[in-house]
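# sequence below, structure please.
(chains A, B and C)
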Amino acid sequence: MTKGSEPQETIYEHLRSKGVSRRDFVKYCGALAGTMAFCGVPAPVEASGLPASLAGPQADATPLIVRAFETKPRVPVIWLEFQDCAGCTEALTRSQSPTLGDLVLNEISIDYHETLFAAAGFQAEENRDAMMQKYHGQYVLVVEGSIPVADGGIHCTIGGRTALDLLEEAAEGAAAIISTGNCSSFGGLPKADPNPTEAKGVWEIITDKPVVNIPGCPAIPEVTTAVLLQFIVFGTLPELDDLNRPKTFYGQTIHDRCLRRPFYEAGKFAKSFDDEGARKGWCLYKLGCKGPTTYNACATIKWDAGLSFPIQSGHPCLGCSQPNFWDGGGFYQGQSAPLNRPGAAAVGVAAAAGAVVGAGAATANRMKKRRAGSAEPGDEDA
Amino acid sequence: MKTTRAIDTFVEETGGWVASQLEACTRCGICAEACHFYQATGNPDFAPVWKVELLKRAYEQEFTLGGKLRTMLHLQKKVDEADLEAWSKLVYEACTVCNKCAMVCPMGIQLGPIIHDVRAGLAEAGMVPDDLAAAVNKQIEEGSPLGVTDDVFESRLEWIADDWEIDLPVDKEGADTLVIFSSIEIMKFPDNLAHIASILNAAGENWTLSSKAREVVNFGFYEGSADHTRLLLSRVFDGAVELGVKKIVVTECGHAYDALRWTAPNLMDVPDIEITHIAAVLGEYVESGRITLKAGAYDGDGKITFHDACKIQRRGGHIEEPRKLLSILAPESFTEMTPNREQAICCGGGGGVIAIKEADPIRYKAFELKIAQAEAVGAETVVMACSNCRLQFLDGAEHFDWDMKFRGLAEMVAEAME
Amino acid sequence: MDWNATLEFARGPFFTAALFVFVGGLTYRLVRVLTLGWSRDRVPSAGSKAGGVAKSYGKGLIIWPFVPWVKQTFAGNAVTLIAGGIFHLGLFAIIIFGAPHMLAWKSMLGFGWPTLPLPIIDWLAAAAIAAMVALAINRVANPLLRKLSGPAEALNWLFVFLPMLTGYMTTHHLLFRYEVIYSLHVLAVDVMLIWIPFSRISHFVFYFFSRTIHGAQFGKRAVTP
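Numbering: from 1, shown residues only, chains lettered A, B, ... in the order given. The predicted structure is shown next:
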């Protein structure tokens, strides 16, 4: 699938060779600029090589992109899957702007991807090794799925090698690493209590390379493509927060941007999935919505070309882009509730312990009262 | 040693009843505004909550893990003799145990009875103010704090019977009702004896006085000593049992009624004798028609108001009877002070305070509230059913040169009988 | 600092531990008092004790300044009565009828109830917070309350004030990111739960003792409590 032209030729040359006219090329760059716009133009002037006046924050991103595509070869991408469900890949195939097709055919060359690859077995492994050698220090490593470290990492092996081993090898020569989805970011479902495989996110293992976390289950495809695109155009990674998430997409909670927010403020809540409130589109907080603590761009970018997102479709946010979301209390339990419902028996034990100490203290006090009573002076008067 | 005795008493007195209320206190300070001594002086020491602080500290230090820990870490001072001395002044001189504080406490804590418990501890420690302690001793030894010995009792009765030309039966066999006066009445308001006797006779009551149970006041109860209280109560009950009466009528004395009616059964075994107050008896006589009163007898003699005594009205329960009587006797001129009934302001002399010379300044200060209250309604006569209150009113009026008439309820009823 | 982990800790094991201390500690105090011994009241009643108790609770609830029996002590305690009243009203309305709080109850009790709209809760919360500030100032300014106050009173105030303040900030996303202030709120609640059994905040338990005693004492004397 990727046995196309040599990555050394620039993207523009690659497109020309496929019969794209100069006019169509610029139009295409303009369309991508739309995608970049919500990325914000970080204006790395050196990367674009343009004068500062053209590369400021207010500038149209189109010339930047044109310039980048004229001068840069396609970026080689190695995509590793570990303890995952391929859901992030599935989602990526539904990316709308740019589409995965655009990306693969135009800007990047995916050189290893287990799900999308036609090749399989040793052939594929060999190809990956060759690419890692050839583009050492230049390729982008995308990881999907968590990495188990228990028992020497044997709980996930590919071609006889552990995920941990494969990751460390691939990370060594990567220019940047993108963790797509909650599993590769924070451990995701495999990490759920009791976490038998000791699943970890990439950034917990690889600490000497820039790692961008794009959590979500799956990650919003446009976020993955936008981050890739920024790396291609500017050679930079987006600004990250303390959980290594791009601030642009993870700077606000779902609750902050939720279309049902006014109903929350007004105290109008759906109490079940088929009551009047649900039909009228009221707030889903009482159905366990985790929107207030979930940082992601679902409410703004939405899914399937901006068609909808879970809350809009009537389902509370599960908080799938948050660390440990599987252990964050029941999906349909109010998010203000304590995580574990203390059992009546345990509370009873606490009460019983208190009662025992209390009764003990009272017994000692009653004995003290008796002693005080018998020591009372002036008893003879009574 | 004194401290040990006080603490032992606190320990003994503190059961679930006291402990639960001490635990309930939030230290909000609202009780202060109900206390006439605090209101009159603004001294925070006089806040009821502060008066029970001593017992609270003793309770925490003796009974609770937290209190023991706090004293161990020196976060709370252990109760010592200096504390007892300080609190002796607060609970004997600046408290009439009127329990008005309980009415305003948001938690409903019975501060009055709890302050009584503080007195109990101090009494066992021998920290009772000298004047009060002397009166207690006098009552124990002579039978009366005002010196009403057997001889004095006999001669006073003789004189009253002669002077008012009234029959005063003493130790009458087969009498139904034993009437016991306070020595304040015998010595200072002898007309009260005559008036009450005339009412009882008019109502056809088969009543008697007792030479043994001749003193109803109980200075042991003021002092807080359970033993002294019991001793003095037993004199009353023994006299009543000897005569075989069915009913004891307490005359115009508040704390004696509190001790006999509302406290005695919890202190000792008491004989099965009904105990009632003269105010209730008067109300009942009029209600049942055993005596008839001249309607409007006191109208046209200026405004008349009624002073509620803490132990007869708020803590005694006889709030409505005096009002019924006054609405017959003076339907036009009877007027209520504010606040009244169970919310009434105490005279300031009860609870033994009037017996303690040292307490005079604050006692007069507290009485100013009463003056203001009566003057606010333009009263010319203040009626009351407690001779201790009457003593305080007379003394206060003299001190402040206050022009006001004071009358006992029984006296008014007696003079208006048809 | 990993605030997600802090939040999990506050909502999870720390809350459970705090709840155990709360339940165990209060039971300790309750049992210690209950089993200290109660002597039977042998005084014959003139009125109805039960009736007195009923009236005592009725009156205990209506401690607003316009009520005649409160008016008399109102002047000297305006701040305590008004601010105290607003504080308790706001507090109970919010912890029972605030949507997030109801859900917390629901998760523990297994059933829920209708909640109040946020603007109402919000004003009650603001009023309750203002009332607490007023109470604190009053406690320092009033000579009697100053005398009655020690470190325990200061801590009582603090441990009740912090959950209220952080709760308000959580609702309004003030100053901190949501999970940060939400963590602080839950932590403050946990600390308060632990503190309650060792403090006079537990008056909500002993209130029922003293009010009952009050009603019985006056009821048996046939006096309105």
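# could you use CA atoms for every contact and neighbour count after this?
Fine.
# and residue 366, how many neighbours?
Defaulting to chain A. 20 (other CA atoms under 10 Å in any protein chain shown).
# oops, I was thinking of chain B
Residue B:366 has 25 neighbouring residues, counting by other CA under 10 Å.
# near chain B, anything from whichever strand or helix holds residue C:208?
Remark: residue C:208 resides in helix C:203-220, with elements defined by DSSP states H and E. Yes: using CA under 8 Å from any CA of the partner chain, we find that helix C:203-220 touches chain B at C:203, C:204, C:205, C:206, C:207, C:209, C:210, C:211, C:213, C:214, C:218.
# now do the contacts for the residue of chain C most remote from its centre.
Here chain C reaches farthest from its C-alpha mean at residue C:44, the gap being 36.1 Å by CA atoms, centre = their mean. Each residue near residue C:44 by CA atoms under 8 Å, 6 or more residues apart in numbering or on different chains is listed here: residue C:220.
# quick check: residues of the stretch 1-150 of chain B near chain A?
Residues of the stretch 1-150 of chain B lying near chain A (CA under 8 Å from any CA): B:5, B:8, B:9, B:11, B:12, B:62, B:63, B:64, B:124.
# hang on, the earlier thing: give me the residues contacting the helix holding residue C:208.
Residues from elsewhere that reach helix C:203-220, judged by CA under 8 Å, 6+ apart: B:17, B:20-21, B:23-26, B:102, B:107-110, B:315, C:44-57, C:60, C:224-225.
# now these: which count as buried?
Buried residues within the contacts of helix C:203-220, defined by neighbour count using 16 or more other CA atoms under 10 Å in any protein chain shown: B:17, B:20-21, B:23-26, B:102, B:107-110, B:315, C:45, C:47-49, C:51-57, C:60, C:224-225.
# next, count neighbours for the residue in the stretch 301-418 of chain B that chain C sits nearest to.
Relative to chain C, the nearest point of the stretch 301-418 of chain B is residue B:317 (4.9 Å; CA to the nearest CA). Here the count is done by other CA under 10 Å, and residue B:317 has 24 residues near it.
# now residue A:116
Residue A:116 has 13 neighbouring residues, counting by other CA under 10 Å.
# now do the phi/psi pair for it.
Torsion angles at residue A:116 (phi, psi; degrees, to the nearest 10) stand at phi -90, psi -10.
# gap between it and residue A:130?
Distance of residue A:116 to residue A:130, given as CA to CA, to the nearest Å: 18 Å.
# quick check: closest non-adjacent residue to residue B:182.
Excluding its sequence neighbours, the residue lying closest to residue B:182 (CA to CA, 6 or more residues apart in numbering or on different chains) is residue B:216, at 5.0 Å.
# contacting residues around that neighbour?
When contacts are counted by CA under 8 Å, 6+ apart, residue B:216 touches B:180, B:181, B:182, B:183, B:236, B:250, B:253, B:256.
# correct me, but the third one touches residue B:219?
No: with contact defined as CA atoms under 8 Å, residue B:182 does not count as touching residue B:219 (11.3 Å).
# apart from its neighbours in sequence, what residue is nearest the residue of the stretch 301-418 of chain B closest to chain C?
residue C:221 (4.9 Å).
# from what I see, that neighbour and residue B:315 are in contact.
Yes: assessed by CA under 8 Å, residue C:221 is found in contact with residue B:315 at 6.9 Å.
# ok now do the closest residue to residue C:201 other than its chain neighbours, which residues does it touch?
The shortest distance from residue C:201 to any residue other than its chain neighbours is 6.7 Å, reached at residue C:156 (CA to CA, 6+ apart). Contacts for residue C:156 (CA under 8 Å, 6+ apart) come out as C:199, C:200, C:201.
# ok, and the most crowded of those?
residue C:201 (22 neighbours).
# could I get the phi/psi values of that one?
phi -60, psi -20.
# any idea how far it lies from residue B:257?
Residue C:201 is 38 Å from residue B:257, where distance means CA to CA.
# please, which helix or strand holds residue C:133?
helix C:118-141.
# check which helices and strands that helix sits against.
helix A:261-266, helix C:78-97, helix C:143-148, helix C:151-172 (3 or more CA pairs under 8 Å, 6 or more residues apart in numbering or on different chains; DSSP states H and E).
# if you count neighbours, what's buried in the second one?
Buried residues in helix C:78-97, counted by 16+ other CA under 10 Å: C:79-87, C:90-91, C:93-94, C:96-97.
# near chain B too, which of the residues you listed?
Okay, of these touching chain B (CA under 8 Å from any CA), that's residue C:80.
# of the buried residues of helix C:78-97, closest to residue A:286?
Proximity of the buried residues of helix C:78-97 to residue A:286 (CA to CA) peaks at residue C:97, which lies at 12.9 Å.
# residues contacting that closest one?
C:114, C:115, C:116, C:121.
# quick check: closest non-adjacent residue to the third one.
For residue C:116, ignoring the flanking residues on the chain, the nearest one in space by CA to CA, 6+ apart is residue C:97 at 5.6 Å.
# OK, contacts around the residue nearest to residue B:36 when sequence neighbours are not counted?
Spatial nearest neighbour of residue B:36, chain neighbours left out: residue B:366 (5.6 Å); criterion: CA to CA, 6+ apart. By CA under 8 Å, 6+ apart, the residues touching residue B:366 are B:36, B:37, B:39, B:40, B:41, B:347, B:348.
# tell me the one of these nearest chain C?
For the contacts of residue B:366, the nearest to chain C is residue B:39 (9.0 Å; CA to the nearest CA).
# count of neighbours near the closest one?
With other CA under 10 Å as criterion, residue B:39 counts 18.
# can you report phi and psi for it?
For residue B:39, the backbone dihedrals (degrees, to the nearest 10) come out as phi -60, psi -40.
# so who does it touch?
Taking CA under 8 Å, 6+ apart, we find residue B:39 in contact with B:32, B:33, B:366.
# can I get these in JSON lines with pLDDT and secondary structure?
Formatted as JSON lines, these follow (pLDDT from 0 to 100; DSSP: H, G, I helix; E, B strand; the rest coil):
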{"residue": "B:32", "pLDDT": "91", "secondary structure": "helix"}
{"residue": "B:33", "pLDDT": "87", "secondary structure": "helix"}
{"residue": "B:366", "pLDDT": "94", "secondary structure": "helix"}
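# what's the neighbour count on the residue lying closest to residue C:122 once chain neighbours are set aside?
Take residue C:122 and drop its neighbours on the chain: the residue closest to it by CA to CA, 6+ apart is residue C:168, 7.6 Å away. Neighbour count of residue C:168, defined by other CA under 10 Å: 20.
# you'd agree residue A:150 is up against residue A:197?
Yes: in this structure, residue A:150 is within contact of residue A:197 by CA under 8 Å, at 5.1 Å.
# by neighbours, which of the contacts of residue C:97 wins?
Per-residue neighbour counts (other CA under 10 Å) across these peak at residue C:121, which has 22 neighbours.
# could you measure from that one over to residue B:253?
According to CA to CA, residue C:121 and residue B:253 sit 55 Å apart.
# is the closest residue to chain A within the stretch 201-350 of chain B in a helix, a strand, or coil?
Residue of the stretch 201-350 of chain B nearest chain A, by CA to the nearest CA: residue B:227 (5.3 Å). Using DSSP: H, G, I helix; E, B strand; the rest coil, the structure places residue B:227 in helix.
# how many neighbouring residues does it have?
Residues near residue B:227, counting by other CA under 10 Å: 21.
# do residue A:277 as well
17.
# please apply the same query to residue B:297.
Neighbours of residue B:297 using other CA under 10 Å come to 18.
# ok, now how distant is residue C:109 from residue A:108?
55 Å.
# neighbour count winner among these two?
residue A:108 (23 against 12).
# for that one, what are its contacts?
Contacts for residue A:108 (CA under 8 Å, 6+ apart) come out as A:74, A:75, A:76, A:77.
# how about a cut-off of 6 Å?
Shown in contact with residue A:108 (CA atoms under 6 Å, 6 or more residues apart in numbering or on different chains): A:74, A:75, A:76.
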